[in-house]
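Participant: test case, fold it:
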Amino acid sequence: MDTNRKEGTKHEIKGAVKEAVGKVTGNTSKEAAGNIEKNLGKAQKEVGKATDAVRDAVRKDNKSK
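Facilitator: Numbers count the residues shown, from 1 in each chain. Below is the predicted model:
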């Protein structure tokens, strides 16, 4: 598994927590920062999935030769 998947998940969770804390406390800057971090984590996780897919495709292609 690509490290971007793991790190992206961590950022996604951390961002969601920050966003929730910001909402509860009325801190709009913390809420916005959490939302940004959450969405960047989602994007990073998708990059990791794509990297894994490419790696698997290359392995499969190399085995068929």
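
Participant: mind checking the SS state of the closest residue to residue 17 other than its chain neighbours?
Facilitator: The shortest distance from residue 17 to any non-neighbouring residue, by CB to CB, 6 or more residues apart in numbering, is to residue 34 (7.0 Å). For glycine as for every other residue, the C-beta is placed from the backbone atoms N, C-alpha and C. Taken by DSSP: H, G, I helix; E, B strand; the rest coil, the conformation at residue 34 corresponds to helix.

Participant: give the contact list for residue 34.
Facilitator: 14-22 (CB atoms under 8 Å, 6 or more residues apart in numbering).

Participant: same thing but 6 Å
Facilitator: 15, 18-19, 22 (CB atoms under 6 Å, 6 or more residues apart in numbering).

Participant: pull the most distant pair out of those.
Facilitator: For the contacts of residue 34, the farthest-apart pair by CB to CB is 15 and 22; their separation is 10.3 Å.

Participant: so where is this protein shaky, pLDDT-wise?
Facilitator: Within the chain, the stretches with pLDDT under 70 are 65.

Participant: got phi/psi on residue 26?
Facilitator: Phi and psi for residue 26, reported as degrees, to the nearest 10, are phi 80, psi 20.

Participant: to clarify, my last question referred to residue 27.
Facilitator: On the backbone of residue 27 - angles per degrees, to the nearest 10 - the values are phi -90, psi 100.

Participant: residue 37 versus the nearest residue to it once chain neighbours are set aside, what's the distance?
Facilitator: The shortest distance from residue 27 to any non-neighbouring residue, by CB to CB, 6+ apart, is to residue 21 (7.4 Å). The gap separating residue 21 from residue 37 is 12 Å, by CB to CB, to the nearest Å.

Participant: who's more crowded, those two?
Facilitator: Counted by other CB atoms under 10 Å, residue 21 and residue 37 do not tie: residue 37 has more neighbours, with 20 against 13.

Participant: please consider this matter closed, and thank you.
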